[in-house]
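1. When you get a sec, could you give me coordinates for this:
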Amino acid sequence: MCARHIYANWFKKWKGVDRKIQFYNCVRSTFVKDFELHIQGLEALGPTSSYNLFATPVQHWSKAYFKSTSKCDVVDNNVTKAFNGWIVEARTKPIISMLEQIRIMVMSWMAVKRNWAEKWRTNISLRTLEKLERNMTTSTHCMLVCNGDGRFEVTHLDNQHTADLKKLTCTCREWGISGIPYCHAIYVMFYDSKSPEDYVSEWYSKEKYMASYKHVLQHVRGKKFWPKSSSSNLTTYSQGTTRKA
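-> Have a look, this model is predicted:
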């Protein structure tokens with residue numbers, strides 16, 4: 001569920017910049033202990049301020065409770081709004097004209113996305129590479145200790161996590177949720193002379209991206225070629241002329 005909409009409803013009763021910051025800290029927490037600490041910080045701003053939040057099951061809006069199967073860490077759901085904004089001009093037209101314009105827009109957009117992906121120089125999507133590079137930069141602030149069996153203790157800022165390249169896991173859960181190696185795992189990969197790009201989930205690959213857009217919309221001939229509806233109020237003569245019934 002969309003964290004932004006949950007916040008908008010919650011904000012009607014609990015206002016303030018500090019509460020907003022603490023709310024999104026709860027949303028972006030990737031493991032339960034971190035989430036609980038931020039909830040405590042939220043309740044410090046108002047003893048009952050968190051009650052309304054739990055009216056919506058927490059597994060739907062906090063990453064701490066997201067499963068690691070979908071490889072998606074998005075907390076906002078703006079797909080529908082973005083699409084409605086994209087077709088706002090078409091929506092002002094009569095129904096048939098509106099549907100035709102939307103069909104053409106979607107058909108063209110899918111072709112653009114396929115052609116764009118064909119030009120990728122790597123097998124990983126460009127946005128994923130950008131995020132991976134940011135995580136690489138963050139990894140420079142990490143320190144590690146190896147137990148000699150492929151498992152590592154990684155210290156970052158004021159916290160410590162354990163990473164395991166054999167099981168492809170880290171206790172921060174950032175990597176498991178998003179499918180993109182986070183700074184702890186990346187530091188271990190560099191230490192172990194491995195490339196972080198090799199550990200990015202297949203769902204960010206060029207192959208999967210192309211598969212998303214492989215089903216093309218077919219072209220449609222002009223209105224003159226469209227079949228007449230059986231519910232038409234026109235009576236057709238054998239000579240080919242028509243008049244209203």
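
2. SS state for the residue minimising distance to the centre of the chain?
-> By Cα atoms, centre = their mean, the chain has its centre lying nearest to residue 74, at 4.2 Å. Following DSSP: H, G, I helix; E, B strand; the rest coil, we place residue 74 in the coil state.

3. again, but for residue 161
-> Here residue 161 is strand, with the state taken from three-state DSSP.

4. Isn't it up against residue 173?
-> No: with contact defined as Cβ atoms under 8 Å, residue 161 does not count as touching residue 173 (9.2 Å). (Each C-beta comes from the backbone N, C-alpha and C, glycine too.)

5. And the helix ranked longest in the chain, what does it pack against?
-> Ordering each helix of the chain by length in residues (DSSP state H) puts helix 95-118 first. In this structure, helix 95-118 packs against helix 206-212, with contacts taken as 3 or more Cβ pairs under 8 Å, 6 or more residues apart in numbering; DSSP states H and E.

6. how about a cut-off of 10 Å?
-> If contacts are counted by 3 or more Cβ pairs under 10 Å, 6 or more residues apart in numbering; DSSP states H and E, helix 95-118 sits against helix 79-86, helix 206-212.

7. which residues does the residue nearest to the centre of the chain contact?
-> 2-3, 63, 66, 177-178 (Cβ atoms under 10 Å, 6 or more residues apart in numbering).

8. what touches both of residue 161 and residue 173?
-> Common neighbours of residue 161 and residue 173 (Cβ under 10 Å, 6+ apart) are 31, 182.

9. Quick one, which of the helices and strands packed on helix 95-118 gets closest to residue 185.
-> The closest of the helices and strands packed on helix 95-118 to residue 185 is helix 206-212. By Cβ to Cβ, the value is 21.1 Å.

10. roughly how far out does the closest one sit from the chain middle?
-> Centroid separation for helix 206-212 versus its chain: 16 Å, with Cα atoms, centre = their mean, to the nearest Å.

11. what's the answer for stretch 205-212, then?
-> Relative to its chain's centre, stretch 205-212 lies at 15 Å (Cα atoms, centre = their mean).

12. Stretch 143-163 too?
-> 29 Å.

13. How many residues are close by residue 129?
-> 17 (other Cβ atoms under 10 Å).

14. For it, which non-adjacent residue is closest in space?
-> With sequence-adjacent residues excluded and distances taken as Cβ to Cβ, 6 or more residues apart in numbering, residue 129 is closest to residue 122, at 6.6 Å.

15. residues touching the one you found, list them.
-> Residue 122 touches 128-129, 197, 200, 205-206, counting by Cβ under 10 Å, 6+ apart.

16. and what of residue 10?
-> Applying Cβ under 10 Å, 6+ apart, the residues near residue 10 are 19-20, 23, 49-50, 52-53, 55-56.

17. Got phi/psi on it?
-> Note on residue 10: backbone dihedrals following degrees, to the nearest 10 are phi -70, psi -30.

18. State the distance from it to residue 161.
-> Using Cβ to Cβ, to the nearest Å, residue 10 is found at 30 Å from residue 161.

19. which residues of this protein fall in helices?
-> Listed in chain order, the helices of the chain (DSSP H) span 3-11, 17-28, 32-43, 79-86, 95-118, 126-139, 174-178, 183-191, 206-212.

20. nearest to residue 219, of the ones you listed?
-> helix 95-118 (7.7 Å).

21. what's the angle between that closest one and helix 126-139?
-> Per axes from the mean of the first three to the mean of the last three Cα atoms, to 10 degrees, the angle that helix 95-118 makes with helix 126-139 is 50 degrees.

22. can you tell me which residues contact the residue lying closest to residue 131 once chain neighbours are set aside?
-> Excluding its sequence neighbours, the residue lying closest to residue 131 (Cβ to Cβ, 6+ apart) is residue 180, at 5.6 Å. Neighbouring residues of residue 180 by Cβ under 10 Å, 6+ apart: 71, 73, 124, 128-129, 131-132, 134-135, 174, 186, 196, 199-201, 203-204.
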